[in-house]
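S.K.: sequence-free structure coming up:
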Ligand SMILES: O=C1C[C@@](O)(C(=O)O)C[C@@H](O)[C@@H]1O
C-alpha cells in the first residue's frame with residue numbers, strides 16, 4: 001500500500017464508501033501511512049491474515065490502526081470478508 005494510493009482517495013469523500021487494507025509490516029511503524037489513512041473521510045478497516053498478538057512482540061504495536069474504525073486479524077483469507085461484513089454494518093447503520 002503506497003501513501004500516494006491512499007492520498008488519492010481523500011478527494012473522494014463519500015458517506016457510503018470505505019477502505020480496508022493490509023499494510024503488512026508497515027502497520028507497525030509507518031507514520032506516513034497512518035497520516036494518509038487519517039486523512040481519509042470514510043470507513044477505514046485494517047486487516048491482517050495472521051493473529052499478530054500471537055507473534056513477535058514488535059508486531060503487537062499496530063500504529064496504522066490508530067486511524068482505523070476497526071481491525072480484523074487472525075482469520076487468514078477470511079479476514080478480508082469479515083472486515084467487509086463489519087464495514088457494511090458500519091456504513092449502513094444510521095448515525
Ligand atoms: O507482512 C506481514 C503479514 C501481516 O500483515 C499479516 O497479514 O498477518 C502481519 C505483519 O506483521 C507481517 O509483517
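M.R.: Received the coordinates, thanks. As the structure is a prediction and not an experimental result, all values here were calculated from the model.

S.K.: Quick check: mean pLDDT of stretch 76-88?
M.R.: What stretch 76-88 shows for mean pLDDT is 95.

S.K.: can you list contacts of the longest helix along the chain?
M.R.: Criterion DSSP state H: the longest helix present in the chain is helix 78-91. Identification of contacts with helix 78-91 by CB atoms under 8 Å, 6 or more residues apart in numbering yields 15-18, 20, 22, 43, 45, 47-49, 69-70, 72-73, 75. Backbone N, C-alpha and C define where each C-beta goes, glycine included.

S.K.: What residues of that helix count as buried?
M.R.: For helix 78-91, the neighbour count (16 or more other CB atoms under 10 Å) marks 79, 80, 83, 86, 87 as buried.

S.K.: possible to save these as CSV with distance to residue 34?
M.R.: CSV is the format used below for those (distance: CB to CB, whole Å):
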residue, distance to residue 34
79, 20
80, 21
83, 18
86, 20
87, 19
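
S.K.: of those residues, closest to the ligand?
M.R.: The nearest member of the buried residues of helix 78-91 to the ligand, counting by CB to the nearest ligand atom, is residue 79 at 7.3 Å.

S.K.: on contacts alone, who are the packing partners of the longest strand along the chain?
M.R.: The strand that spans the most residues within the chain, counting by DSSP state E, is strand 43-48. Packing contacts for strand 43-48, counted by 3 or more CB pairs under 8 Å, 6 or more residues apart in numbering; DSSP states H and E, involve strand 18-21, strand 70-73, helix 78-91.

S.K.: That concludes my questions; thank you for your assistance.
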